[in-house]
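In: Quick one: sequence and predicted model below, then my questions.
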Amino acid sequence: MSSIHPDQAEALGLVGKRGQGVERDPETIDGTITDDPTRRVPLVLGNRDFHSVTETICGWVENKTPNWWFPAFAVSNVLAIVGTVMILFLIVTGVGVWGLNNPVSWGWAIVNFVWWVGIGHAGTLISAILCLLKQNWRTSINRFAEAMTIFAVICAGTFPGIHVGRVWFAWFLFPIPNYNWIWPNFRSPLLWDVFAVGTYFTVSLLFWYMGMIPDLATLRDRAIARFNQKVTFGPMWAPHPLPAFVKKLTTVSIPANKIASYFYGVLALGWRFSSRHWWNYEKAYILLAGVAAPLVLSVHSVVSFDFAVSIIPGWHTTIFPPYFVAGAIFSGFAMVLTLLIPARALYPGMKDFVTARTIENMCKIITLTGSMVGFAYIMEFFIAWYGANPYEAEAFMIRAFGPYWWAYWIMMFCNVVSPQVFWFKWCRTNLVFIFIISIIVNIGMWFERLVIVTTLSADFVTSSWGYYSPTWVDILTFVGSIGIFMTLFLLFCRFLPMLAISEVKNVMPQADPHHPMYHKDGHHNGDQHKASDRSEGGH
Amino acid sequence: MSTVNLRHDLILADDNIRLREGAGRGLSIALLGLGALLTVLAVLGAVAGDALTARTALFALHTGFILSVAFPLTALVLVMIFHATNAGWSATIRRQFENIASLIWIAVPFFFGILILQAVLTATKGEGGSIPYLWKWMNAAYVEGDPAFEHKRGYLNYGFFLVRSLIYFAIWIGLSFALNSISRRQDEDGDPKHTITLGRLSCIGLPFLAFSIAFAGFDWLMSLDFHWFSTMYGVYLFASCMVLSVALGTLTLITLSSFGKLAVAFTEEHLHDLAKLLFAFTVFWAYIAFSQYFLIWYANIPEETMFFQVRRAEPWTGLSVAIPIAHFILPFILLLPRPLRRSRGFISFMCVYLIIIQMIETYWMIRPEVYGVGPWHWLDFVGIVGPVAIFLGLFVAKVASGPLIPLKDPRLHEALKHKNHI
């Protein structure tokens, strides 16, 4: 089986059906979409053995860079550079280049910060909370989602840093006495943000990295096996095709596998696959999952405190913490889908791991969290009226019918109405449709934060009302942050194992010593199961 | 226990999954008798005492009503989550939660009992309608000229209040009846299609349940003092009460297995996961309760702080300090070690403990609205335990009335093999 290279298998149309002979059927898609409660669908398709799993996932790293990668990387890079230039421009000029004004002293920067932090929630939810809930389908997406989390939090962290104006004073954010033992204000939610986001980033990074160590060791060992094979690079870094003379000049042979073995070797921290290593690994994994689970709640709760502890109408409401958390998971899952659906189409063999069922489950989570957000909107609106506070009620009326009415209704449509489509099976199984909805949700969640922030434009005193609109610097900084995110993400796809090899193997039937395939003599009478014990999760 | 060789015929034998005829009848009758006695005592206390005593008794009975609704209502949420998530591990233990949920109808007689008692008390010792009994807004003399009430009149009026309450009852009784009867039908015909129906019904029902619980919380508890409001209140009520049904269900399962029932169907593994749920809901409560308290404390706006102001002042100070410790810190530490979570003795203790703590917390949410009477009045005990004991008596009879597990659930084998590897 493993004699066929994954790329070749894809070309031959074997991936996803190898050994099964099952044609795609419109009802069950790849065989995993079914209501049948008598069986659990397999998590890994294609009749794979352990070796072919390793081959496929490592192949994405070891094979020639796919052609689509270079233009994608180039575009992301250009955007990242634009973003960086905008930040430099801001620093040398001052925050006046942004559209901030007197009532709206927080603009796109805080919107982008909250948006990116929110997106960064999916990874830890998938890897920690779904791990504690034993949802085994998460194994094929957790690495991917965790990487996305890390990069999203990096983008998020940028904005408060540059928003302080004089970035060289950004260290004031940290609890260090800056002058005459003057400490930062511990009662300020902005300081809690530093703790919350800092802790979250640290734990997510550790979780991601620790989970990756066995897979890095696999890549290291595979690189060592090909130690002396030199790799001849053509004009890799330049657009194709190049004139012949350039080709001659730039063709170089370098010991790429040697470099890779050191790169992965250092990162693998001496992992040798001994059973003691695995024992420690499993223990550490579950402990980190336990530590990370409350962080999923705490980060966005603290971010919601940024708004809710103030006494500004429309901001101060007690449902903010759980409502922000639900919204964060909502946008995070949408972003995972936005990235996963193209990746699944572009990487050969990925469909065997990220099954239609996995995507369907994510759609269901989007509907669940989207409805929670809708619930919170309705509670807010109801209590704004019930509370009999004219300012509160007015703030909500201005949101819905004031100068930013369009933002409000975009938010309502994208966050509350659009995820409801996933009640229908066709919508949950049509990839193009899911992709579009995932983008709509991302837009909606961005607008949610905009609606919250622009509440500032109409405060208690009518004479100080204003209207906030972004400048081109605001817009390009935001676009640039997407570029930074995509750049990091594409580097991850190219150089690190995108799926958790060991975890995927763990949920395959072969990993279960009680599986019928090992007991052909049938001595396990009374055991009715048809599919694998280790499938799908929800046990 | 080997996970491979399961003798389904032994597991599904009658002496393992059914109680003998008449089992638990004594306990059920004793609980019903006790409950009826205490409830009647509370009602007598209300009718015979002075206005303040009557208010105390009515608030205590109201707390008892809320608690005896909270048990089946949260069990209904749990059963629906099991169905909606296609859970396999819970197949064997689900029936006991269905049993709890099936008693949701108890809300109706209690609710109308409370309303009638309030009307009688207002008529007999309302001193011409000037003393508000339970819901202040129901008293025309009290709300006279209150601008906050004028604003809310469209929502807080007798007719609309009744209509809303009837809608909640319709949603809850409808869902619990449908889920129970389909699950029992599957006991007979074993059709896996019923599982699909149950899953769909639960998914569609959950949003209705979410809104009805939140608004029932607004109507029955938050509007006791109509000035106060909190957007989090529905979530807070849900978060605090969830522990009730998890604890009662777990306690029932432990009791049944201590009588030699449910071998293999309810094992340490299920116990472990139920204990995790207890832990999870304790922590979730702490998160929600803290967030609500913290935001109100920080903003320090009088119309919001009034709820905590009353509870932070004497004579409620001690209880307000004790609840976070007893409801969060202690259970958090005690439920963390794995061996404790797998110990039947310890978890039964924790279940009783958490139910009592939750009863005290619900009491703390409701009773401080009676100004001038401190905690731990004898009527509090009588009025709260009465309705809850009636509920428990009915529940014991319900458990004994049928098979203890869903006999032909297609995911039964998953639950029987359930294991916590880590």
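Out: Now that the structure is in, tell me what you want to look at.

In: contacts, neighbours, all on C-alpha from now
Out: Noted.

In: what's stretch A:331-342 in contact with?
Out: Residues from elsewhere that reach stretch A:331-342 (CA atoms under 8 Å, 6 or more residues apart in numbering or on different chains): A:118-123, A:144-145, A:148, A:359, A:362, A:365-366, A:431, A:434-435, A:438-439, A:441-442, A:445.

In: pLDDT below threshold where in the stretch 51-200 of chain B?
Out: B:126, B:128-129 (pLDDT under 70).

In: Run through the helices of it in chain order.
Out: Under the criterion DSSP state H, counting those that start in this stretch, the stretch 51-200 of chain B contains helices at B:51-84, B:94-101, B:107-125, B:140-143, B:147-152, B:158-189, B:193-220.

In: these two touch, right, B:Ile196 and A:Pro37?
Out: Yes: between B:Ile196 and A:Pro37 there is a contact under CA atoms under 8 Å: 7.1 Å.

In: before we move on, the earlier item: what about the helices of the stretch 51-200 of chain B, which gets the closest to A:Val309?
Out: Nearest of those to A:Val309, taken as CA to CA: helix B:193-220 at 22.8 Å.

In: How about the stretch 251-400 of chain A: which residue is closest to chain B?
Out: Ranked by CA to the nearest CA, the top residue of the stretch 251-400 of chain A for proximity to chain B is A:Ile319, at 4.3 Å.

In: Could I get the pLDDT score of that residue?
Out: On the pLDDT scale, A:Ile319 is placed at 93.

In: And for it, nearest residue in space, chain neighbours not counted?
Out: Spatially, and ignoring its direct neighbours in sequence, A:Ile319 is nearest to B:Met232 (4.3 Å; CA to CA, 6 or more residues apart in numbering or on different chains).

In: How about B:Thr92?
Out: Per CA to CA, 6+ apart, closest to B:Thr92 is B:Ile405, 5.2 Å.

In: Am I right that the one you found is in a strand?
Out: No: using DSSP: H, G, I helix; E, B strand; the rest coil, the secondary structure at B:Ile405 is coil, not a strand.

In: Could you pull up the residues touching it?
Out: B:17, B:91-96, B:265.

In: ok, how many other residues are close to A:Trp181?
Out: Residues near A:Trp181, counting by other CA atoms under 10 Å in any protein chain shown, number 8.

In: Next one: it from A:Trp168, what distance?
Out: 19 Å (CA to CA, to the nearest Å).

In: any idea how far the residue nearest to B:Thr92 is from B:Val243?
Out: From B:Ile405 to B:Val243 the distance is 22 Å (CA to CA).

In: just to revisit the earlier point, so which of the contacts of B:Ile405 is the most crowded?
Out: When neighbours are counted by other CA under 10 Å, B:Ala265 leads those with 27 neighbours.

In: Output the set of residues of the stretch 201-350 of chain B in proximity to chain A.
Out: B:207, B:211, B:227-232, B:288, B:291-292, B:295-296, B:298-299 (CA under 8 Å from any CA of the partner chain).

In: For chain A, just list every one of the strands.
Out: Secondary structure of chain A (DSSP state E): strands at A:231-233, A:252-254.

In: Pick out the shakiest of the ones you listed, pLDDT-wise.
Out: The lowest average pLDDT among the strands of chain A, as it happens, falls on strand A:231-233, at a mean of 62.

In: phi, psi of the residue in the stretch 301-422 of chain B positioned nearest to chain A?
Out: Chain A sits closest to B:Pro410 of the stretch 301-422 of chain B, with a gap of 5.1 Å, by CA to the nearest CA. Main-chain torsions, B:Pro410, degrees, to the nearest 10: phi -60, psi -20.

In: right, and it touches B:Pro192 too?
Out: Yes: between B:Pro410 and B:Pro192 there is a contact under CA under 8 Å: 5.9 Å.

In: So these two - more neighbours on which side?
Out: Set B:Pro410 next to B:Pro192 and count neighbours by other CA under 10 Å: B:Pro410 wins out with 23 against 17.

In: nearest spatial neighbour of the more buried one, skipping sequence neighbours?
Out: Nearest residue to B:Pro410 in three dimensions, chain neighbours excluded: A:Thr38, at 5.1 Å (CA to CA, 6+ apart).

In: who's in contact with the one you found?
Out: Counting by CA under 8 Å, 6+ apart, A:Thr38 touches B:192, B:410-411.

In: mind checking pLDDT for A:Gly538?
Out: pLDDT, A:Gly538: 39.

In: Then A:Gly120?
Out: For A:Gly120, the model assigns a pLDDT of 91.

In: Distance check, it against chain B.
Out: As judged by CA to the nearest CA, to the nearest Å, A:Gly120 and chain B stand 21 Å apart.

In: burial count for the residue lying closest to B:Leu175 once chain neighbours are set aside?
Out: Leaving aside its sequence neighbours, B:Leu175 sits nearest to B:Gly205 (CA to CA, 6+ apart; 7.1 Å). For B:Gly205, the count of nearby residues is 18 (other CA under 10 Å).

In: Give me the pLDDT value at B:Gly205.
Out: 95.

In: Mind listing what's buried along the helix ranked longest in chain A?
Out: When chain A is parsed with DSSP state H, its longest helix is helix A:189-225. Under the neighbour-count criterion of 16 or more other CA atoms under 10 Å in any protein chain shown, helix A:189-225 has A:189-197, A:199-201, A:203-205, A:207-224 buried.

In: That helix near chain B anywhere?
Out: No: Helix A:189-225 lies out of reach of chain B by CA under 8 Å from any CA, never closer than 10.8 Å.

In: Burial check on residue 363, number of neighbours?
Out: Picked chain A for this. A:Cys363: 26 surrounding residues under other CA under 10 Å.

In: looking at chain B here, not the other one
Out: When neighbours are defined as other CA under 10 Å, B:Tyr363 has 22 of them.
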